[in-house]
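>>> Okay, sequence plus prediction incoming.
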Amino acid sequence: GQQLNQSPQSMFIQEGEDVSMNCTSSSIFNTWLWYKQDPGEGPVLLIALYKAGELTSNGRLTAQFGITRKDSFLNISASIPSDVGIYFCAGNSGYSTLTFGKGTMLLVSP
Amino acid sequence: GAVVSQHPSRVICKSGTSVKIECRSLDFQATTMFWYRQFPKQSLMLMATSNEGSKATYEQGVEKDKFLINHASLTLSTLTVTSAHPEDSSFYICSVSTGANIQYFGAGTRLSVL
């Protein structure tokens, strides 16, 4: 089946630093999604990407749909303590189900 | 996006009892909902796809008689964990598909079986 490799597995940074995480796939996706999950909560959609090469921002967050359609990255600029959480990438290959990465745990030190 | 309400947020039950979890789509008529299970520090694992008015589609390895799914209306899907045992303790999350290849998630249900 499809697999998503998400890296890094975890990050511990200082407040104000920029963060970058990415996902790569063994197969092509039509849609890339980025979610954030806080402890004890469900994932919340951050950004949705629909076209190869698409670059989309949501406040301090920027994500891109890779040209090959097999990868995506998420950048967070000027991190703040409330950015703490687990970030998941997810891909859709045209069927209704999503394939999830294993998550990147982000810790931000004040 | 769709607003998804999941209830209860937390449930503790005795071994052998059944537990029902509700997932409601508050502002979108969802023909398709999904049920996931998440173990600590792991990603979401799809259990089944819930289709309104028809039988759910279960992922390989998920016991359909153990995890009963009912999607009787466009706004409600339920997951019943039958004869729960401690190994069923987990975080269960539902989601709604809006048809744009996007899923919106509920807040999750923490099930603890004693």
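Happy to help now that I have it.
>>> what's the spacing between A:Asn22 and A:Ser7?
Using Cβ to Cβ, to the nearest Å, A:Asn22 is found at 6 Å from A:Ser7. For the C-beta atoms, the positions are set from N, CA and C on the backbone; glycine is no exception.
>>> Comparing those two, which shows the higher neighbour count?
Set A:Asn22 next to A:Ser7 and count neighbours by other Cβ atoms under 10 Å in any protein chain shown: A:Asn22 wins out with 19 against 14.
>>> Check the spacing between the more buried one and A:Gly42 real quick.
When distance is defined by Cβ to Cβ, A:Asn22 is 23 Å away from A:Gly42.
>>> Next: A:Thr104.
Using Cβ to Cβ, one obtains 17 Å as the distance from A:Thr104 to A:Gly42.
>>> What of A:Ser77?
Counting by Cβ to Cβ, the gap from A:Ser77 to A:Gly42 is 25 Å.
>>> Between those two, tell me which one has more neighbours.
Shown here are A:Ser77 and A:Gly42; by other Cβ under 10 Å, A:Gly42 has more neighbours (22 against 14).
>>> Tell me who's in contact with the closest residue to the more buried one other than its chain neighbours.
In space, and not counting its chain neighbours, A:Gly42 is closest to B:Phe105: 3.7 Å by Cβ to Cβ, 6 or more residues apart in numbering or on different chains. Counting by Cβ atoms under 8 Å, 6 or more residues apart in numbering or on different chains, B:Phe105 makes contact with A:35, A:42-44, B:4, B:93-95.
>>> quick one: which of these has the most company?
Sorting these by how many neighbours each has (other Cβ under 10 Å) puts B:Cys94 first, at 31 neighbours.
>>> pretty sure it is in a strand, no?
Yes: membership of B:Cys94 in a strand is supported by DSSP: H, G, I helix; E, B strand; the rest coil.
>>> okay but it is in contact with B:Ser77, surely?
Yes: taking contacts as Cβ atoms under 8 Å, B:Cys94 lies within contact range of B:Ser77: 6.5 Å.
>>> overlap in contacts of the two?
Listed contacts common to B:Cys94 and B:Ser77 are B:23, B:33, B:35; contacts here mean Cβ under 8 Å, 6+ apart.
>>> Where strands are concerned, which of the residues you listed count?
Within those, residues falling in strands by DSSP state E are B:23, B:33, B:35.
>>> Take those residues and lay them out in TSV including distance to chain A and pLDDT.
Formatted as TSV, the entries for these read as follows, by distance: Cβ to the nearest Cβ, whole Å; pLDDT from 0 to 100:
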residue	distance to chain A	pLDDT
B:Cys23	10	97
B:Met33	10	94
B:Trp35	12	97
